[in-house]
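**Student:** this one's sequence-less:
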Ligand code: HEM
């Protein structure tokens, strides 16, 4: 994954727990990278090891960390660093979610070697929809829960998101039920 992912994780941990905690997480993960470069590609394994080590050091379950990271990603990385992309993608939560299947096509223009997630919306109602999430990576559904939480915060819209089906059941993707008021 692009270095910006690991860098955002570092920023989240450092702002809540300080740099020395991040250093011990890197050490536990066996990650010997001084500085993550946003535009550089790093093996996915590094990100997974960092999340695993953060879970041990902070004594928090990895899914809870990933969910918090989803919120952080939207409210800090996306909103602050890529405000123009966020604004172009929709003026409210519903429009944004409906646009989401196309979102990373734009991101791809900035990051040409992106291996992006794929999304699809179905059962679109006035205040709910089903979000289908496809990825070549495993274990990131808690991150998606947090991203949707974060989008609710970003649009000042109370949102509820529940995972309805799991990759292991369907054999290819996860489905989330998202509702807002
Ligand atoms: C401007 C804002 C955003 C940028 C710049 C961005 C960029 C990225 C980047 C660089 C990755 C790592 C993938 C790789 O390096 O191959 C990624 C992964 C991901 N992004 Fe985004 N993203 C943004 C917003 C969002 C939003 C709003 C969502 C969903 C609500 C989202 C969902 C995901 C997911 C689930 C992954 C994990 C990869 C996977 O599932 O395989 N992103 N994104």
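**Tutor:** Now that the structure is in, tell me what you want to look at. These numbers were taken from a predicted model, which means no experiment stands behind them.
**Student:** in the longest helix anywhere in the chain, what's buried?
**Tutor:** For the chain, the longest helix by residue count, based on DSSP state H, is helix 93-110. Buried residues in helix 93-110, counted by 16 or more other Cβ atoms under 10 Å: 93-94, 96-98, 100-101, 103-104. Bear in mind the C-beta positions are built from the backbone N, C-alpha and C, glycine included.
**Student:** who's in contact with the helix or strand of the chain with the lowest mean pLDDT?
**Tutor:** Least confident helix or strand, the chain: helix 167-170 with a mean of 74, by mean pLDDT, DSSP states H and E. Residues from elsewhere that reach helix 167-170, judged by Cβ atoms under 8 Å, 6 or more residues apart in numbering: 138, 141, 173-174.
**Student:** can you tell me which of those are in helices?
**Tutor:** Per DSSP H, the contacts of helix 167-170 map to helices at residue 141.
**Student:** In strands, which of the contacts of helix 167-170 fall?
**Tutor:** Mapping those onto strands (DSSP state E) picks out residue 174.
**Student:** of all the contacts of helix 167-170, which two lie farthest apart?
**Tutor:** Maximum pairwise distance in the contacts of helix 167-170, criterion Cβ to Cβ, is 11.5 Å, between 138 and 173.
**Student:** more neighbours, those two?
**Tutor:** For residue 138 and residue 173, the more surrounded residue by other Cβ atoms under 10 Å is residue 173, and the numbers stand at 17 against 10.
**Student:** Quick check on that one: phi, psi?
**Tutor:** Per-residue torsions, residue 173: phi -160, psi 170 (degrees, to the nearest 10).
**Student:** burial count for residue 60?
**Tutor:** Neighbour tally, residue 60, other Cβ under 10 Å: 12.
**Student:** Can you name the residues that contact it?
**Tutor:** Residue 60 sits next to residue 54 when contact means Cβ under 8 Å, 6+ apart.
**Student:** how near is it to residue 172?
**Tutor:** Going from residue 60 to residue 172 by Cβ to Cβ, to the nearest Å gives 30 Å.
**Student:** Residue 141 now?
**Tutor:** The spacing between residue 141 and residue 172, counted by Cβ to Cβ, is 13 Å.
**Student:** For burial, what's the neighbour tally of the closest residue in space to residue 2 that isn't next to it in sequence?
**Tutor:** Closest residue to residue 2 apart from its sequence neighbours, by Cβ to Cβ, 6 or more residues apart in numbering: residue 111 at 5.5 Å. When neighbours are defined as other Cβ under 10 Å, residue 111 has 16 of them.
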